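Participant: How does the following fold in three dimensions:
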Amino acid sequence: MKTHGLARRKRGPSPPLEALALDFDGTLTMDGGHPSEELLKSLRALNQGSITLVLATGRCVGDVFERVGRDLFDGVVAENGAVIVVHGRSTYAAPPGWKRVRGSLLRKFEPGCEKVIISAPRSMLSVARNSVSPKEAHIELNKDRLMIVPLGVDKGSGLATALSKLGVAENRTACIGDGENDLSMFDVVRVRAALGNSVPSLKRRADFVADGNDGAGTMEAIEWLFDGKRGLTTGKEAGV
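Facilitator: Residues are numbered from 1 along each chain as shown. Down below sits the predicted model:
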């Protein structure tokens, strides 16, 4: 297990963590299936201990609920920040005119279950770059996938919206992720954790990098984040 930034930044006491944001693919599970029962048990224990849980994913809402149910997470940020579900209510982060833009782009991409964004294999990156106007949308990469997303929308913006609706401060939130599109969440939260299978750019930004991959690495990160010995829940900086 490796600690990064927190051990170097000797600041004053920080407020205790109240929320944890997690990516899905490559973070909770390796192959897009169901998370392990051990990991789900750990997350339920956090939630019952008053830690707010937010799932943030590029997947559509239906995919999320099929794999983790509707009751575990207090908030869901789906479609790379374009759909936010809190207290059973969905908010769509799409600017005026986006429906027209998306409809035009879908002529070149196969539609999926998404309501706002377009998701495609990363092999179609050149097609996306030649099709997307930088004035209307941006391309988010996530390992073997790409997503065409409205301007100003990413996982970070979706997470910030979800936290606001849940009444949780950003500086009381931690995040665990593995892909390029999780970098925007790292910009929002106070404490950042990456996994053994995380992309290098995410590892460089992380305060902690687990040895394990996907769900096993997430278990390591949860232990590091919320183990009282680490001090993160009592306002002390890790490693200081």
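Participant: quick one: pLDDT of residue 32?
Facilitator: Looking at residue 32, its pLDDT is 72.
Participant: Going toward the C-terminus from the worst-scoring helix or strand of the chain on mean pLDDT, what's the next helix or strand?
Facilitator: When the helices and strands of the chain are scored by mean pLDDT, DSSP states H and E, helix 5-8 comes last with a mean of 42. Downstream of helix 5-8, the next assigned helix or strand under DSSP states H and E is strand 19-22.
Participant: Report the secondary structure state of residue 130.
Facilitator: helix (DSSP: H, G, I helix; E, B strand; the rest coil).
Participant: try residue 63
Facilitator: Assignment for residue 63 (three-state DSSP): helix.
Participant: What's the local residue count around it?
Facilitator: 19 (other Cβ atoms under 10 Å). (Each C-beta comes from the backbone N, C-alpha and C, glycine too.)
Participant: Repeat that for the one 4 residues further on.
Facilitator: Neighbouring residues of residue 67 were enumerated by other Cβ under 10 Å; the total is 18.
Participant: Where does it fall, secondary structure wise?
Facilitator: Residue 67 belongs to helix 61-68, assigned by DSSP H and E.
Participant: For this structure, which segments are assigned as helices?
Facilitator: All helices of the chain, identified by DSSP state H, fall at 5-8, 37-48, 61-68, 98-105, 125-131, 155-166, 183-186, 200-205, 214-226.
Participant: I'd like to know which of the ones you listed lies nearest to residue 117.
Facilitator: When the helices of the chain are compared by Cβ to Cβ, helix 98-105 sits nearest residue 117, at 8.0 Å.
Participant: and the closest one, what's its mean pLDDT?
Facilitator: 94.
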